[in-house]
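Q: just a sequence and a predicted model for now, questions to come.
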Amino acid sequence: MTVAALIGLGGSRAKLEAALKSLALEGFSYTVCERDSYGIAGVDFDVHLESEHGHADHHHAHEEAHCHDSRHGHAHHAHRNLADVFAVIDRGALGGRARELAKRTFTLVAEAEAEAHGKPIDQVHFHEVGAIDSIVDIVSAAVLIEDLGITECVVTGLTEGQGTVLCQHGELPVPVPAVLNIARRFGITLRTSPDKGEKVTPTGIALAAALRTRTELPAAYTVERVGVGLGKRDFGHANFLRAMLLREETQTQGERIFVVECNVDDSTGEELGFAMEALFKAGAKDVHFLPCLMKKNRPGQVIKVIVAERELPVIEETLFRYTSTIGLRRYPVERSCLARSTVEVALPQGTVRVKRCEGNGVVRFYPEYESVRELALATGEDIRTLSANAVAALAKRG
């Protein structure tokens with residue numbers, strides 16, 4: 001449903017097809033259809049697996065004459081651990097952001113499954129999640145997110161069903177353990193609907209957690225595009241996921257956030273660098289280290305993390321896990337930010353994504369590093385020249 005909604009937003013089907021072919025992953029085909037669910041029109045992205053006898057195993061209906069059908073190889077449905085999944089992702093011709101997002105999503109699922117089953121992450125073998133269809137789903141979502149240039153994502157919460165669901169480990173209550181673990185770890189709100197059955201899967205909530213940068217919609221915004229991804233289950237009413245591309249209003253916005261900090265005097269530079277990476281992956285808005293002189297004249301570092309209130313639990317868990325601190329301080333602060341949006345600039349060498357910041361009569365442009373880096377590697381141009389040309393091109397637009 002996420003992939004279908006992103007296609008509805010205008011994600012490139014050609015780039016999606018090229019990325020999936022590059023995985024060299026056998027035993028699946030997929031269709032992209034336009035249909036409706038109880039009168040709501042949208043896109044259906046459907047992955048079909050081939051059985052051991054070479055026949056297509058169509059888990060979902062709604063194939064239509066105007067579907068785009070792309071087939072890949074022959075059946076091969078081995079269980080995979082996280083390293084196996086990473087190997088599939090690494091051999092694909094994916095952009096840097098897409099590769100990172102796909103790996104991040106699978107890592108979140110693996111960590112949740114490891115916790116649910118009480119085993120180390122390297123002993124988790126993916127069944128439902130690591131199967132071919134989920135590799136295709138997650139990689140497809142990551143490719144389309146990168147193609148659309150999405151850098152900010154609002155997830156206010158997810159709506160779950162009730163009852164039980166039958167899976168590899170037998171009959172489990174809804175939400176299943178992996179979903180609960182991710183929801184708890186990242187503070188994602190779950191709303192219960194009267195529908196019987198699973199509406200939030202481990203893959204779905206892992207994507208939401210990996211993408212989310214905000215928990216609330218802007219106070220005012222303009223809707224630029226809408227994408228509707230249709231689900232397969234019949235709940236007796238329309239079953240769809242709606243995604244919107246928004247432009248935040250161009251004025252200074254006030255926001256209440258938190259600063260979490262601690263002091264350490266016994267961590268190496270490598271340990272601190274690793275902790276910073278983990279904090280950003282956990283949802284920190286910013287992380288920085290300040291040198292300080294601690295008791296007994298010991299040089300140390302103050303670790304300061306800027307974070308949304310909903311991300312506090314996972315940020316604090318990450319600080320305790322990856323630093324030597326034994327105590328944290330947190331306090332709320334008010335901040336004002338320029339409204340931000342991402343635009344694409346066509347240069348002679350290729351396309352660059354640029355962050356546009358505006359408010360209080362100020363307009364600034366900041367080329368996205370990963371986008372400039374990829375173009376620099378592909379063309380041999382230096383980063384500074386590409387960045388300057390992108391800003392100059394945008395300035396001419398006004």
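A: Received, thanks. None of these values were measured; they are calculated from a predicted model. Residues are numbered from 1 along each chain as shown.
Q: okay, now the unreliable bits of this protein?
A: Scanning the chain for pLDDT under 70 picks out the ranges 51-79, 127-130, 169, 250-255, 398.
Q: residue boundaries of the strands in the stretch 101-250 of the chain?
A: For the stretch 101-250 of the chain, strands defined by DSSP state E, counting those that start in this stretch occupy the ranges 158-162, 164-167, 170-173, 190-196, 221-230, 240-248.
Q: reformat the ones you listed as CSV; add distance to T2 and mean neighbour count.
A: C-beta coordinates here come from the backbone N, C-alpha and C atoms, glycine included. Shown next, in CSV, are the strands of the stretch 101-250 of the chain (distance: least, Cβ to Cβ, whole Å; neighbours: other Cβ atoms under 10 Å):
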stretch, distance to T2, mean neighbour count
strand 158-162, 12, 17
strand 164-167, 19, 13
strand 170-173, 22, 11
strand 190-196, 17, 13
strand 221-230, 6, 16
strand 240-248, 6, 18
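Q: distance to F45 added to the ones you listed, as TSV?
A: What follows is the strands of the stretch 101-250 of the chain, written out as TSV (distance: least, Cβ to Cβ, whole Å):
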stretch	distance to F45
strand 158-162	19
strand 164-167	21
strand 170-173	26
strand 190-196	21
strand 221-230	7
strand 240-248	11
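Q: could you list the domains of the chain?
A: Domains of the chain are assigned by automatic domain parsing as 1-249, 253-337, 339-397.
Q: any idea which of those domains is most buried?
A: domain 1-249 (a mean of 18; mean count of other Cβ atoms under 10 Å).
Q: so after whichever strand or helix holds V343, what's the next helix or strand?
A: Using DSSP states H and E, V343 sits within strand 339-347. Following strand 339-347 in sequence order, the next helix or strand is strand 350-359 (DSSP H and E).
Q: next, the angle from that following strand to strand 240-248.
A: With axes from the mean of the first three to the mean of the last three Cα atoms, to 10 degrees applied, the angle from strand 350-359 to strand 240-248 works out at 70 degrees.
Q: adjacent strands (with direction) for strand 350-359?
A: When pairs are called by DSSP bridges, strand 350-359 turns out to pair with strand 339-347 (antiparallel), strand 362-367 (antiparallel).
Q: before we move on, the earlier item: got the CA coordinates for the strand holding V343 in PDB?
A: Extracted in PDB, the C-alpha atoms of strand 339-347 (Å, rounded to 0.1, in the frame of the first residue of the first chain):
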ATOM      1  CA  ALA A 339       9.600  26.800   6.500                       C
ATOM      2  CA  ARG A 340      11.400  24.100   4.500                       C
ATOM      3  CA  SER A 341      10.700  22.300   1.200                       C
ATOM      4  CA  THR A 342      12.700  20.400  -1.300                       C
ATOM      5  CA  VAL A 343      13.000  21.300  -4.900                       C
ATOM      6  CA  GLU A 344      14.800  19.700  -7.800                       C
ATOM      7  CA  VAL A 345      17.200  21.700 -10.100                       C
ATOM      8  CA  ALA A 346      18.100  20.400 -13.600                       C
ATOM      9  CA  LEU A 347      21.800  21.200 -14.300                       C
END
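Q: what's in contact with it?
A: 149-152, 218, 247-253, 351-359, 368, 375, 386, 389-390, 393-394 (Cβ atoms under 8 Å, 6 or more residues apart in numbering).
Q: relative to D265, how far out is the residue lying farthest from the centre of the chain?
A: Within the chain, the residue lying farthest from the chain centre (Cα atoms, centre = their mean) is K296, at 44.3 Å. Here the criterion is Cβ to Cβ, to the nearest Å. By it, K296 lies 9 Å from D265.
Q: and T203, by the same measure?
A: T203 sits 42 Å away from D265, going by Cβ to Cβ.
Q: ranges for the helices of the protein?
A: Assigned by DSSP state H, the chain shows helices spanning 2-8, 13-22, 82-91, 96-117, 132-148, 177-186, 202-211, 269-281, 312-322, 369-379, 383-397.
Q: and the closest residue to M276 other than its chain neighbours, bridged to which residues?
A: Nearest-residue entry for M276: V287, 5.0 Å, with adjacent residues in sequence omitted and distances by Cβ to Cβ, 6 or more residues apart in numbering. In this entry, V287 is beta-bridged to V305, by DSSP bridges.
Q: hmm, V287 is touching V302, no?
A: No. Using Cβ atoms under 8 Å as the test, V287 is too far from V302 to be in contact (11.5 Å).
Q: list the contacts for L394?
A: V343, V345, V354, R356, F365.
Q: then A390?
A: Neighbouring residues of A390 by Cβ under 8 Å, 6+ apart: V345, L347, V352, V354, F365, P367, V372.
Q: for E152, see how far away the fifth one is.
A: Computed with Cβ to Cβ, the distance linking F365 and E152 is 16 Å.
Q: repeat for the second one
A: Going from L347 to E152 by Cβ to Cβ gives 23 Å.
Q: got it, and the last one?
A: The gap separating V372 from E152 is 19 Å, by Cβ to Cβ.
Q: next: I182.
A: Distance from I182 to E152, by Cβ to Cβ: 20 Å.
Q: contact partners for L23?
A: By Cβ under 8 Å, 6+ apart, the residues touching L23 are V88, I89, R91, G92, I135, V139.
Q: rerun at 10 Å
A: If a contact means Cβ atoms under 10 Å, 6 or more residues apart in numbering, then L23 has H72, V88, I89, D90, R91, G92, A93, L94, I132, I135, V136, V139 as its contacts.
Q: out of those residues, who's nearest R233?
A: V136 (19.0 Å; Cβ to Cβ).
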